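Peer 1: just a sequence and a predicted model for now, questions to come.
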Amino acid sequence: MLIRGISLTAAGLLSLVGLVFPFMLGRVPTALNQSLLMLMMVGVAGGFVHGAGFQPAQNWLRTLIGPAFTWPLMALSFGLLIWLR
């Protein structure tokens, strides 16, 4: 239950950052920034799905939306966006 709460909270916070961050980057978005935002949003979507409590029947999909995949994806892409800023 705690892990689901962490996933939901992290996904919510990063979705807010994703909403505000393009305005912080400036007027000219680069391909690298857009790619990192896309990866972060994939992680955020997985975090929302995991945090809401969805449990798919397929093992590969369970791994794809689980915290072992989404948390590092969110953290890495967010860290790179901050570092590139």
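Peer 2: Cool, the structure landed. Just so it is clear, the model here is predicted, and its values are computed rather than measured.
Peer 1: how about Phe54, nearest residue that isn't a chain neighbour?
Peer 2: In this structure, Phe54 finds its nearest non-sequential neighbour in Ile65, 7.2 Å apart by Cβ to Cβ, 6 or more residues apart in numbering. C-beta here means a position set from N, CA and C on the backbone, and glycine is covered the same way.
Peer 1: that neighbour and Val49 touch, don't they?
Peer 2: Yes. At 4.7 Å, Ile65 counts as touching Val49 under the criterion of Cβ atoms under 8 Å.
Peer 1: what's the model's confidence in the longest helix anywhere in the chain, averaged?
Peer 2: Secondary structure assigned by DSSP state H gives helix 2-25 as the longest helix of the chain. For helix 2-25, mean pLDDT rounds to 85.
Peer 1: if you count neighbours, what's buried in that helix?
Peer 2: 7-8, 10-11, 14-15, 17-18, 21 (16 or more other Cβ atoms under 10 Å).
Peer 1: what does the helix or strand that comes right after that helix rub up against?
Peer 2: As assigned by DSSP states H and E, the chain's next helix or strand after helix 2-25 is helix 31-52. Under the contact criterion Cβ atoms under 8 Å, 6 or more residues apart in numbering, helix 31-52 has outside partners 4-12, 14-15, 18, 21-22, 25, 64-67, 69-71, 73-74, 76-78, 80-81, 84.
Peer 1: Ile52 and Leu76: what is the separation?
Peer 2: That one is not Ile; residue 52 is Ala. Ala52 sits 23 Å away from Leu76, going by Cβ to Cβ, to the nearest Å.
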